[in-house]
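> Below is the sequence, then the predicted model.
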Amino acid sequence: MDTQRLIALIIFTFSGFMLWTGWQKHNAPPPAPASTTVAAATGTTPTLAPTPVTPGATPAAAVSPQAVPSAAPAPADKRISVQTDLLQVEINTLDSDIRQVVLLKHPAHGDATKPLTLMQDKVGHYFIAQSGLLGLSANRPAPKWVASQDHYELGGADKVEVRLTDSETPGLLVTKVYTFTRGSYVIDVRFEVKNDTAAAVTPTAWYQFVRDGNPPEGESAGGNMFTSGVVTFTGPSLYSEAKKYRKVAFGDIDKRKNDEEFVEEEATDGWISIVQHYFVSVWLPGANVKRSFFTRKWRDTNLYSAGVKIGLPAIAAGAQATYTMPLYVGPQEQVHLKALAPGLDLVVDYGWLTILAVPMFEILSWINKVVGNWGWTIIIFTILIKAVFFPLNQKAGKSMAHMKELAPKMEAMKQRYGDDKVKLNQAMMDLYKTEKINPLGGCLPILVQMPFFIALYWVLLGAVELRNTPWIGWIHDLSSPDPYYILPIIMGVSMIVQTKLNPAPPDPVQAKVMMIMPIVFSFMFLFFPSGLVLYWTMQNLLGIGQQWYINKHIAEMEKKDKAHGK
């Protein structure tokens, strides 16, 4: 009984700690944004963060006056807007960088009437995509990018191109082309170089994200919702066949020397990204191309870079060349990510339970294709899980009932042997053997099921498919808390009923834990996403029916035994 009590307490303590930690992190107030600006010469605080310069720049260049915009943008700082069916993008002609990306099909956090802004050069939520070429000319001046128009729309076409041209270096014509495609979150970034000089040039292409270390808008500090860091990690991640998928926390980059690029890996495959809850931005170099992945912390700022450098073939005098790099900026839809690049679906990170979580998500997706509603999908899948584990739960219920019958005998043994633990344990083992009872029979089935339940919990927490997805009535977003707390209240009541139906533990401490847990869980679930609360509520409701059936079956068996004089 002591072993059974210990295992039960471990299970409930772990569950309570996991949920308590999640609730604290999920609802912690965000910290004040770290300063990412440098005062202009006039003493006016700039409205924009410092514009990070190209990889390989010296620390002095990184904080030079040219790198810090004034409060009023310079005349050359002109924005080009691009509109597709999925994206709204702003490109700055001053540096040809992507300065804003709005996901038109995904609502902003806390305001479903507005689309989500994933990238922006805003103080406190700074996140941009940069790219360029090194090694074209030793004396190459700062590029001056020129576009033919200020606004581009996809309209009825399948593709739209934005061409920015720089001819500031004599003999070199560099064109940067952004290609947007209907129905796609992939932006092709293409460099076209025409070399009319007398010598060959050997350029190096660089592509990087620059992001501050603050949590995304609407999310709390801490970087993850659970202590395992499974779901809501925010920061760089990369993949190669040699080293597989890995994350690089901002805190780890902080430990390195500021303004120095750190080479994470050199490879001939793989990609590098910035991950946040539900969304990912990733540079996708082609296969069999030598590349160098790097990260960097910008001195005296809260800005970080994560990118890739690629050495390009020499361009002979009088020749021209092109190189294209795909950029994905969008939701973590696993099916689409898997098709884009090997390992890209791993950004939806389930941690050590990936082996269970991935097939669970695939089954959920299949069910959702049939029923067309994620709320009902969760309910159907929960019923299937309960059905699969019903034999184990039935066995656990019977074992708990038998242990309850033996409680008077075990209490008598405790009185008889007192503090002699050796004799007491031996007497209990003899009793278990005589009665043919496994003392762990009530707990082992629960332990077997725990990884499956936790994996499903993480799947529902990380699935972007649930974001802004309605169920019924008042539940308009399964990824947000119930606005009227109806589901959490039902969950709490169902948990209390289920506890009452279960055989009462003979140990008073264990009994108190069983009664306190519904209250603790109910309070924390007030702030959890509705999809998770729905899943847990269905677990409880099905558990009530299951325990009622088990109790009824045990009562019938006892009645038959008495009728036969057993």
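Perfect, thanks for sending it.
> Give me the nearest residue to residue 243, chain neighbours excluded.
Residue nearest to residue 243 in three dimensions, not counting chain neighbours: residue 265, with 6.1 Å by Cβ to Cβ, 6 or more residues apart in numbering. Backbone N, C-alpha and C define where each C-beta goes, glycine included.
> do residue 98 as well
residue 129 is the one closest to residue 98 (Cβ to Cβ, 6+ apart), at 4.2 Å.
> what's near enough to touch that neighbour?
97, 98, 101, 119, 207, 208, 209, 281, 327, 329 (Cβ atoms under 8 Å, 6 or more residues apart in numbering).
> and after the helix or strand hosting the second one, which helix or strand comes next?
Going back to what we said before, that points to residue 98. Assigned by DSSP states H and E, residue 98 belongs to strand 97-108. Later in the chain than strand 97-108, the nearest helix or strand by DSSP H and E is strand 111-122.
> tell me the mean pLDDT over stretch 305-314?
Mean pLDDT, computed over stretch 305-314, is 96.
> name the element residue 429 belongs to?
Per DSSP H and E: helix 421-435 holds residue 429.
> Tell me the helices and strands packed up against that helix.
helix 390-417 (3 or more Cβ pairs under 8 Å, 6 or more residues apart in numbering; DSSP states H and E).
> what about the helix holding residue 429, distance to the chain center?
The chain centre lies 49 Å from the centre of helix 421-435; the measure is Cα atoms, centre = their mean, to the nearest Å.
> What are the buried residues along it?
424, 427, 428, 432 (16 or more other Cβ atoms under 10 Å).
> Stretch 273-288 too?
273-285.
> Do you know the pLDDT at the closest residue to residue 501 other than its chain neighbours?
Nearest non-adjacent residue to residue 501, counting by Cβ to Cβ, 6+ apart: residue 547, 4.4 Å away. At residue 547, the predicted lDDT confidence score is 79.
> hmm, back to that, who are the packing partners of the following helix or strand past the helix holding residue 429?
The first helix or strand that comes after helix 421-435 along the chain, using DSSP H and E, is helix 444-462. Applying 3+ Cβ pairs under 8 Å, 6+ apart, we find helix 444-462 packed against helix 2-27, helix 354-371, helix 374-388, helix 390-417, helix 530-563.
> the inter-axis angle of helix 444-462 versus helix 354-371?
Compare the direction of helix 444-462 with that of helix 354-371 by axes from the mean of the first three to the mean of the last three Cα atoms, to 10 degrees and you get 60 degrees.
> Adjust the sequence numbering to begin at 48 for everything that follows.
Got it, first residue is 48 now, which makes that one helix 491-509.
> Would you mark the buried spots in helix 491-509?
Buried, per 16+ other Cβ under 10 Å, within helix 491-509: 491-493, 496, 499-509.
> Next, the residues that contact the helix or strand that it is followed by from outside, please.
Sequence-wise, the next helix or strand downstream of helix 491-509 (DSSP H and E) is helix 533-548. For helix 533-548, contacts defined as Cβ under 8 Å, 6+ apart pick out 521-522, 529, 561-562, 564-566, 568-569, 572-573, 575, 577, 580-581, 583-584, 587-588, 590-591, 594-595, 598.
> so helix 533-548 versus helix 577-610, what angle?
20 degrees.
> Pull the distance from helix 533-548 to the chain's centre.
Using Cα atoms, centre = their mean, the offset of helix 533-548 from its chain centre is 29 Å.
> Tell me how many other residues surround residue 158.
10 (other Cβ atoms under 10 Å).
> quick one: it and residue 527, what's the gap?
11 Å (Cβ to Cβ, to the nearest Å).
> got it, and residue 196?
For residue 196, the distance to residue 527 - Cβ to Cβ - is 40 Å.
> So what does residue 232 have for phi and psi?
Residue 232 has phi and psi values of phi -90, psi 10 when expressed as degrees, to the nearest 10.
> any idea how far it is from residue 147?
15 Å.
> So these two - more neighbours on which side?
Using other Cβ under 10 Å, the more surrounded residue of residue 232 and residue 147 is residue 232, with 25 against 19.
> hang on, isn't that one packed against residue 376?
Yes. When contacts are counted by Cβ atoms under 8 Å, residue 232 is listed as touching residue 376 (5.9 Å).
> Please enumerate the shared neighbours of those two.
What both residue 232 and residue 376 touch, as defined by Cβ under 8 Å, 6+ apart, is the set 134, 150.
> thinking again about what came up before, so what's the residue count around the residue nearest to residue 548?
21.
> do residue 125 as well
15.
> Burial check on the residue lying closest to it once chain neighbours are set aside, number of neighbours?
With Cβ to Cβ, 6+ apart as the criterion, residue 125 has its nearest non-adjacent residue at 4.6 Å, and that residue is residue 140. By other Cβ under 10 Å, 18 other residues sit near residue 140.
> Same question for residue 525.
27.
> Please apply the same query to residue 131.
22.
> do the same with the one 10 residues further on
Other residues within reach of residue 141, judged by other Cβ under 10 Å, total 20.
> State the pLDDT value of it.
The model's pLDDT for residue 141 equals 90.
> residue ranges with poor pLDDT in the stretch 448-597 of the chain?
For the stretch 448-597 of the chain, the stretches with pLDDT under 70 are 448-452, 483, 485-493, 550-558.
> cutoff 90 now
Across the stretch 448-597 of the chain, the ranges flagged by pLDDT under 90 are 448-510, 515, 526-528, 542-576, 579, 583, 586-587, 590-597.
> go on, the stretch 148-297 of the chain?
Ranges of the stretch 148-297 of the chain meeting pLDDT under 90: 156-160, 170-171, 183-191, 214-216, 262-280.
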